[in-house]
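In: Just a sequence and a predicted model for now, questions to come.
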Amino acid sequence: MYILGIESSCDDTSASVLHNNQLVSNVIASQLVHAQYGGVVPELASRAHQQNIIPVVDIALKKANISMSKLSAISFTRGPGLLGSLLVGNSFAKAAAYALKIPLIAVDHLEGHVLAHFIKNETDSYPSFPFLCLLVSGGHTQIMLVKDFFETEIIGTTIDDAAGEAFDKAAKILGFPYPGGPHIDKLAQTGNPDAFTFNQANIQGYDYSFSGLKTSFLYVLRDYLKTNPSFIEENKADICASIQKAIIESLMKKLKKAADDLQIKEIAIAGGVSANLGLQNTLKKTANEKKWNIYIPPLELTTDNAAMIGIAGYYKYLRKDFADIYTVPYTKAIY
């Protein structure tokens, strides 16, 4: 079967074609317009999706060398995300499925990130249930206990800001363009991670908090700048390495606690921040120490993409878990 996946939850318009669980094409149109504003502007994102959705789907189908008449179903991101952005993908998917008289499949965006690990890969290596998935992005930071394809329990989440947002806010203070996380990751590789210390939250259980870390980062830099106006430029690599270390330590501390408490050795990461080399290297080191089996998605599947929506749609299709044209999008996580 062929599944068309559509993702439009934030500022990336994406379409993919999967043949069963094998990815055939995955096209992403990013919106550069937001860089000048230092973050995503919802109204601009929605308008850009309207311009991109048809060309992106057309390219995905051409790369897969199939016509729409060959499709078995269409899956789309129902939420969470920006309402205006979600409506574009929702509306296109509904109209196309209705016209083609094929099933419509609604997919949760976070669920898609987790199931991206089940897209067929060269090594045929996939997580075994149950496994823990650390989902880290600009909008979400969660530890998920995944018991089956669509049986997931969030056992830990941020009580305020996401880890990706902490990266982006730190990057903005340092003068990097949006999105700033990759810039910090790149420069951190040449810096001293022990040069500066930032306060980390001490939250009970498996939950996270990054608002205090962001404030600590701001205050530490403010104090140094009082005596040396060139402090940031002179120490940028060390600052990047230090803030990255603090964020990763916070993430890994709770992940290790959850894995130890639940005695789970199958560990996956997902979301945009899972592309961070510092996080990946720390995860690999921890896996060697604790004998974990770890699963890191390829770079193209870390950020928002339709391939993950397509694979979730495939497994929902097998269960005949279909939506109808009255299905409405949602902006917040429903777990």
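Out: Sure thing, it's come through.
In: Off-centre distance for stretch 115-134?
Out: Relative to its chain's centre, stretch 115-134 lies at 15 Å (Cα atoms, centre = their mean, to the nearest Å).
In: Can you point out the buried residues in it?
Out: Using 16 or more other Cβ atoms under 10 Å as the test for burial, stretch 115-134 gives 115-119, 121, 126-127, 131-134. Placement of C-beta: from N, CA and C, glycine included.
In: do stretch 64-84 as well
Out: Quick answer for stretch 64-84 (16+ other Cβ under 10 Å): 64, 66, 71-84.
In: What is the neighbour count of residue 103?
Out: For residue 103, the count of nearby residues is 20 (other Cβ atoms under 10 Å).
In: To clarify, my last question referred to residue 319.
Out: When neighbours are defined as other Cβ under 10 Å, residue 319 has 10 of them.
In: need the contact list for it.
Out: Neighbouring residues of residue 319 by Cβ atoms under 8 Å, 6 or more residues apart in numbering: residue 150.
In: quick revisit: could the buried residues of stretch 115-134 be laid out in JSON lines, adding secondary structure, pLDDT and distance to residue 57?
Out: As requested, the buried residues of stretch 115-134 are exported to JSON lines (DSSP: H, G, I helix; E, B strand; the rest coil; pLDDT from 0 to 100; distance: Cβ to Cβ, whole Å):
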{"residue": "115", "secondary structure": "helix", "pLDDT": "97", "distance to residue 57": "21"}
{"residue": "116", "secondary structure": "helix", "pLDDT": "97", "distance to residue 57": "20"}
{"residue": "117", "secondary structure": "helix", "pLDDT": "97", "distance to residue 57": "25"}
{"residue": "118", "secondary structure": "helix", "pLDDT": "97", "distance to residue 57": "23"}
{"residue": "119", "secondary structure": "coil", "pLDDT": "97", "distance to residue 57": "19"}
{"residue": "121", "secondary structure": "coil", "pLDDT": "89", "distance to residue 57": "25"}
{"residue": "126", "secondary structure": "coil", "pLDDT": "96", "distance to residue 57": "28"}
{"residue": "127", "secondary structure": "coil", "pLDDT": "97", "distance to residue 57": "30"}
{"residue": "131", "secondary structure": "strand", "pLDDT": "98", "distance to residue 57": "32"}
{"residue": "132", "secondary structure": "strand", "pLDDT": "98", "distance to residue 57": "34"}
{"residue": "133", "secondary structure": "strand", "pLDDT": "98", "distance to residue 57": "29"}
{"residue": "134", "secondary structure": "strand", "pLDDT": "98", "distance to residue 57": "31"}
